[in-house]
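**Student:** I need the structure of the sequence given here:
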Amino acid sequence: MNHKIEMDARAHPHHAVSLTAELVARASVTPFDAGCQDLVRERLQALGFHCETLVFDDVTNLWARKGTAAPLFVFAGHTDVVPTGNPARWTFDPFIPTIKNGQLYGRGTADMKGGIAAFITALEGFLDQNPNHAGSIGLLITSDEEGDAINGTVKVVETLVARGETIDYCLVGEPTAENRLGDMLKNGRRGSLSGKLVIHGKQGHIAYPHLADNPIHRAVPALTELTQTSWDSGNAFFPATSFQISNIKGGLGVSNVIPPDITIDFNFRFSTASTAENLKSRVETILQKHKLNYSLKWRLSGTPWLTQPAELVHAAIAATQTVTGLTPELSTGGGISDGRFIAPTGAQVIELGPLNATIHKIDECVGVEDLIQLTAIYQHLLTSLLK
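**Tutor:** Numbers count the residues shown, from 1 in each chain. Predicted structure coming up:
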């Protein structure tokens, strides 16, 4: 690791860059916040926001709101980051934010502390110019997005719904750009349905297969059919549903024993053209067709959601065009995000943030100029919807 610090990023004159650096310097590996939300709260309270800390088990969440009128525009994001891996493989210490060649390096710079810093900086500029703006502004910040995601945004949204706080517009600051800032905007995401399948056989000596029942042999035809099945054709906004096997575990580690069972982990990334219940039913039909003795556990991580092009999408496109000159492509690809918990409330939800090229990788980084432009995009968007 190169311990020479090229530039103290926390001294950068632009607030979005310096605030990103301050957040990155807090080693908030999921599900721990490491004081990031305290820093955000301090900035928001200075702007007149009412801030609440909502703790569920070991997860800290921040809900901040300014105003009571509709519409309510919310910035949503997370302060937790994925582990760094071996820090010796990083060019710079992953928790010492460092600028070199126009890039700010550090774990979480792109995913998604840079987005949060741009939220705050955009709000500071917007409120300075529009102290009597229409509607209300909220921020929903969790430290449980990169982990299990069971005590974070989903619990905060349940709390808001229970007390009648309705989100009209929500921007999630996840990294969405692929080649240049502003080239892509997410207006939906696929659902994620996982299965853990155990196919049961009968253990025995490999030289006497008639006295055993090989679950690996039994599994192959069913797995072949599952991988070759067309689950749907997608639609105008979503690609076709994808079935992928991620792990297969079987055998006792020796070559002369037929194993008692085999375990297969698989996942569907599915569109609005399918439902979780339909996919479950079709899988079970195939397994039963092949006369397997099996057990199957399901986990639904999120259902697909879609925000049709309307006020929020149009305003985000216009803001991006104004700042970058690009017209962002609308996309529902990629993984899942916390938007899946907010969209079902009826809110218009989009994701718009920095480049995603280095997220979760060694030497994660974000462009300094991109942070500055992202702040401007967010400020233009606020002005369009709430001025």
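
**Student:** Could you use CA atoms for every contact and neighbour count after this?
**Tutor:** Fine.

**Student:** Could you measure from the residue nearest in space to the middle of the chain over to S281?
**Tutor:** Per Cα atoms, centre = their mean, the C-alpha nearest to the average position across the chain is that of S337, at 3.1 Å. To S281, S337 is 26 Å away according to Cα to Cα, to the nearest Å.

**Student:** swap in C365?
**Tutor:** The gap separating C365 from S281 is 43 Å, by Cα to Cα.

**Student:** now swap in A122 and tell me
**Tutor:** Using Cα to Cα, A122 is found at 47 Å from S281.

**Student:** Mind checking which of those two has more residues around it?
**Tutor:** With neighbours defined as other Cα atoms under 10 Å, A122 and S281 compare such that A122 has more, 24 against 11.

**Student:** so what's G353 up against?
**Tutor:** Under the criterion of Cα atoms under 8 Å, 6 or more residues apart in numbering, the contact partners of G353 comprise G115, V172, G173, E174, P175, T176, A177, L181, G182, L374.

**Student:** Correct me if wrong: the third one contacts A110.
**Tutor:** What that stands for is G173. No - using Cα atoms under 8 Å, G173 and A110 do not qualify as a contacting pair, with a distance of 9.5 Å.

**Student:** Pick out whichever of the two has more residues nearby.
**Tutor:** In this comparison of G173 against A110, neighbours counted by other Cα under 10 Å, the higher total goes to A110 at 30 against 27.

**Student:** tell me the contacts of the closest residue to that one other than its chain neighbours?
**Tutor:** Nearest non-adjacent residue to A110, counting by Cα to Cα, 6 or more residues apart in numbering: V366, 5.4 Å away. V366 makes contact with Q103, L104, Y105, T109, A110, G114, P354, L355, according to Cα under 8 Å, 6+ apart.

**Student:** Show me what the one helix or strand the second one maps to is packed against.
**Tutor:** Put plainly, it is L104. Secondary structure assignment for L104, by DSSP states H and E: strand 103-105. Here strand 103-105 touches strand 98-100, strand 365-367, going by 3 or more Cα pairs under 8 Å, 6 or more residues apart in numbering; DSSP states H and E.

**Student:** So which residues of this protein form helices?
**Tutor:** Counting by DSSP state H, the chain has these helices, from start to end: 15-24, 36-46, 114-129, 153-162, 215-228, 276-289, 311-324, 339-342, 368-386.

**Student:** Need the pLDDT of E145.
**Tutor:** What the model reports as pLDDT for E145 is 96.

**Student:** Quick check: it touching N61?
**Tutor:** No - here E145 lies out of contact with N61, judged by Cα under 8 Å, at a distance of 10.6 Å.
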